[in-house]
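S.K.: Need the 3D shape of this:
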Amino acid sequence: MNMNRRLVLKGLGGALLGLPWLESLSPRSAWAQASGAPPFAIFFRQANGVAAEQNTNEVGQEPERFWPTAPGPLSTDTLADRALAELSAYADRLLVVGNVNMANFNYGDGHARGALQVLTAQGPVEQGQGGNSEAAGESLDHRIGRELNPGGNESLFLYAGQTGGWLGGPCISYRGPGNRRSALTDPFDAYQSLTGGGALQSSPDMPSRRSLRQRSINDLVRSQLSSLLARRELSSVDRQRLDLHLSSVRDVEISLACRIEEADQRALQGAGDGLDDGDNVLAIARLHMDVAALAVACGQTRSVAIQVGSGNDNSTRYRDPVTGDRMENYHFISHRRQSDGDSGDIIQGSDLLHHRIDLQFAQTFKHLLDKLSSYQLPTGSLLDAGMAIWVNDLGNGPAHGARNCPVIIAGSAGGVLRQGQYIRINGDSDDSNHARVLNTIGSAAGLRRPDGNFIDDFGSPDQDRRVLDELLA
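M.R.: As a prediction, the model looks like this:
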């Protein structure tokens, strides 16, 4: 078995089980021994900006509730009382990138400008089209998959939320100019894409979702697993790593089966019922994260994009963790008014409600970090080998500005990126630098120019696309 290519077991009904990195069966190269696994990127998208310091007509002076207290090393003190405090356990593995400024392309709408640009760094195919806009180039998640995935596998694009809405629901991933990708809305469908497509349903031993309660993909490849475990060169550490991976596979299956058995089954299947409830939406996002972690652990893909909510997430009502009640829709809260614009009654305390939504996104992002950290590699965890990246279309609400858009990176991509730092790039300059951030992330994920150097060609050609040295280790 050669780990230069994805190691896969095939069993009953054509079901496939990808395996994690096993050092005993790896090529004995210095690269393999040093890194343990190739780098990857999992993008997690939030809409509508964050509850950052600003002065608004609706509330007045709003305090800072998101960013660390000061640039420099991250600690529990610098994260205290901020949304990012939810990630304190990972402070030493975070790179908080501030002052990321998107280009002010003429999309005719701030949400279109942010959502369609966030992973493309491109302007619109046709200017000024607002909700009918399309991005004029490929997104980074797709390029990473196109150039680096094994066997030509396309990167995963996963979506949680109502499939309609502003910008048509899933809208951040592109194959090329005007070529928007469809997203998988059902975590079970995403799981099937890792295990042979329709193999589970076509198998007489696993004909339906419900049977996940009784049978696991592990059972279908049991004879092949037995042969693998009988190999003398398999070390005790790799046996433990394999056991953890198989347990993780089963945990994902149980989570999917339990979620499917709930009363809101149709919501999970994409019918739309219950998908205005933030609890459901974020629960689906976490299931997507479980599948994403499996996908990168077994080498199925080196890129995943997870989008939460439509272009302006205007249908989701997140729960107030203090009162237990569902809040007004997220887009209204981001405007601080009962409106999609600058009219309508002011929502009292809306700046604090926005912060409480940020907290829930931070908690959901932490779920992804916990999953990636649970996979152990020869030199650390899966999180250390790659990157989980929490991005936002906008900098704040209600201005919906293109300046200071959050980019939170966990993991160093095998030591390429700095960690444990809050860095404001370009100081306080308003210059567009978003394309530089994406070229840096793409390079950390393994993209290279023909000469072997880091890429500097991603995004609109009229933007500065040089890698940001201050983000590198």
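S.K.: where along the stretch 351-473 of the chain do the strands fall?
M.R.: Along the stretch 351-473 of the chain, the segments classed as strands by DSSP state E, counting those that start in this stretch run 376-377, 380-381, 387-392, 407-410, 421-424.
S.K.: From residue 457, how far off is the nearest residue to residue 55 once chain neighbours are set aside?
M.R.: Among residues not flanking residue 55 along the chain, residue 61 sits closest, at 5.2 Å (Cβ to Cβ, 6 or more residues apart in numbering). No exception for glycine: its C-beta is placed from N, CA and C like everyone else's. Noted for residue 61: a distance of 42 Å to residue 457, by Cβ to Cβ, to the nearest Å.
S.K.: And for residue 91?
M.R.: Taken as Cβ to Cβ, the span from residue 91 to residue 457 is 33 Å.
S.K.: So the two - more neighbours on which side?
M.R.: Under the neighbour definition other Cβ atoms under 10 Å, residue 91 and residue 457 were set side by side, and residue 91 has more, 22 against 11.
S.K.: Can you pull the phi/psi pair for the closest residue to the more buried one other than its chain neighbours?
M.R.: Take residue 91 and drop its neighbours on the chain: the residue closest to it by Cβ to Cβ, 6+ apart is residue 74, 4.3 Å away. Dihedral pair for residue 74: phi -90, psi 140, per degrees, to the nearest 10.
S.K.: Quick check: residue 74 touching residue 68?
M.R.: Yes: the pair residue 74 and residue 68 qualifies as a contact (Cβ atoms under 8 Å) at a distance of 6.2 Å.
S.K.: Which elements pack onto the helix or strand hosting residue 251?
M.R.: Here residue 251, judged by DSSP states H and E, is contained in helix 236-260. Packing contacts for helix 236-260, counted by 3 or more Cβ pairs under 8 Å, 6 or more residues apart in numbering; DSSP states H and E, involve helix 187-194, helix 217-220, helix 222-229, helix 278-297, strand 376-377.
S.K.: weakest of the ones you listed by average pLDDT?
M.R.: Ranked by mean pLDDT, the helices and strands packed on helix 236-260 bottom out at strand 376-377, with a mean of 78.
S.K.: looking at this, the residue nearest to residue 55 is in a strand?
M.R.: Yes: counting by DSSP: H, G, I helix; E, B strand; the rest coil, residue 61 is part of a strand.
S.K.: so how many other residues sit close to it?
M.R.: There are 9 residues near residue 61, going by other Cβ under 10 Å.
S.K.: For it, give me the pLDDT.
M.R.: 95.
S.K.: That one and residue 351 touch, don't they?
M.R.: No: Residue 61 is beyond contact range of residue 351, at 9.7 Å (criterion: Cβ under 8 Å).
S.K.: tell me which residues in stretch 68-79 are buried?
M.R.: 68, 71, 74, 78, 79 (16 or more other Cβ atoms under 10 Å).
S.K.: Considering these, which is situated nearest to residue 132?
M.R.: Lowest distance from residue 132 to the buried residues of stretch 68-79 (Cβ to Cβ) belongs to residue 68, with 38.2 Å.
S.K.: and the closest one, helix, strand or coil?
M.R.: State at residue 68, reduced to three classes by three-state DSSP: coil.
S.K.: how about low-confidence regions in the stretch 201-350 of the chain?
M.R.: Across the stretch 201-350 of the chain, residues meeting the criterion (pLDDT under 70) sit at 201-215, 257-274.
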